[in-house]
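Asks: One predicted model, sequence on top.
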Amino acid sequence: MNWDIVSNYWQLYLQGALTTFRISISAIICATLLGYFVALMRLSSFRLLNGISFIYVWVFRGVPLMLTLFWIYYATPFDIKLTAFVAGLVAMSLNSASFKSEIIRAGLMSVDKGQLEAAESVGMNPIQKMVRITIPQSVRLITPPYINNCVIMLKESAQVSIITVPDLMLAAQRAYNSTYSVAETLGVAGAVYLTMTSLIMLLQTFIEKKLRMNKK
């Protein structure tokens, strides 16, 4: 192991890791918000909303992230030119929201209808029912698959390097182009990715323990 590579390129890796963190967290937030509204559309009794959301989920669950990245970065309509970071963020958000919407929809559907009817009978409006009944109960169910999807998002963020987003993977590629040392350059990147995903999984364990304690 040539540790000189690590010491000489640590700033490049650090900048790449920060970019990976920024784009991943931003995409998780955007995908969660979009996924929630898509889930509500899927549960809607209006056929138009239901149909639009179904087509959206069908398309973005079936199309690879890499294709979406290329399409948004190189083929946006009306001559709109997005920066590499914004294009990567949009592509990741659209792709992940299609999966998160199904996770959220399953959680919302898991709530007993009897409880919702009881809440309505005591005068709760739809927003109160959502905040007091539906969301607290569905969170326990969706937490494991939701966070697993976040881990997948962070790993798949490496694909944004193909449109020149200066993320961790691109940092490793640049270090390799200068040193031609495969094991060291990719090994450092792998260790950083593993550290970040491990932190997310530790967060998942902490949240699940809190939810179990609150349930008791």
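Replies: That came through, no problem.
Asks: Contact partners for Ala189?
Replies: Taking CB atoms under 8 Å, 6 or more residues apart in numbering, we find Ala189 in contact with 13, 16, 168-169, 171-172. All C-beta atoms are positioned from the backbone trio N, CA, C, and that covers glycine.
Asks: now for the helix or strand containing Ile29, which elements pack on it?
Replies: With elements taken from DSSP states H and E, the one containing Ile29 is helix 3-43. Contacts defined by 3 or more CB pairs under 8 Å, 6 or more residues apart in numbering; DSSP states H and E place helix 3-43 against helix 47-62, helix 84-109, helix 135-156, helix 168-179, helix 182-215.
Asks: how far is the second one from where the chain is centred?
Replies: Centroid separation for helix 84-109 versus its chain: 6 Å, with CA atoms, centre = their mean, to the nearest Å.
Asks: what's the helix or strand following that helix in contact with?
Replies: Using DSSP H and E, the helix or strand that follows helix 84-109 towards the C-terminus is helix 113-121. For helix 113-121, the external contacting residues (CB under 8 Å, 6+ apart) are 128-129, 132-134, 137.
Asks: Kindly report the same for stretch 98-112.
Replies: 31-32, 34-36, 38-40, 42-43, 53, 56-57, 59-61, 133-134, 137-139, 141-142, 145-146, 149.
Asks: what residue ranges in the protein are flagged as low confidence?
Replies: 1-3, 215-216 (pLDDT under 70).
Asks: Contact partners for the spatially most central residue of it?
Replies: Against the mean C-alpha coordinate of the chain, by CA atoms, centre = their mean, the closest residue is Ile28 at 3.7 Å. For Ile28, the contact set (CB under 8 Å, 6+ apart) comprises 96, 150, 153.
Asks: circling back: please identify the deepest-packed of the helices and strands packed on helix 3-43.
Replies: Among the helices and strands packed on helix 3-43, helix 84-109 has the highest mean neighbour count (mean count of other CB atoms under 10 Å), at a mean of 22.
Asks: How far does stretch 111-121 sit from its chain's centre?
Replies: Counting by CA atoms, centre = their mean, stretch 111-121 is centred 31 Å from the centre of its parent chain.
Asks: Only the buried residues of it, if you could.
Replies: 111, 116, 119 (16 or more other CB atoms under 10 Å).
Asks: so can I have a markdown table of those showing distance to Arg47?
Replies: Converted to a markdown table, the buried residues of stretch 111-121 look like this (distance: CB to CB, whole Å):
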| residue | distance to Arg47 |
| --- | --- |
| Val111 | 23 |
| Leu116 | 22 |
| Ala119 | 27 |
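Asks: between these, which is nearest Leu203?
Replies: Each of the buried residues of stretch 111-121 was checked against Leu203 using CB to CB; the closest is Val111, at 24.6 Å.
Asks: how about the closest one, phi and psi?
Replies: phi -70, psi 130 (degrees, to the nearest 10).
Asks: same question, Met124
Replies: phi -70, psi 140.
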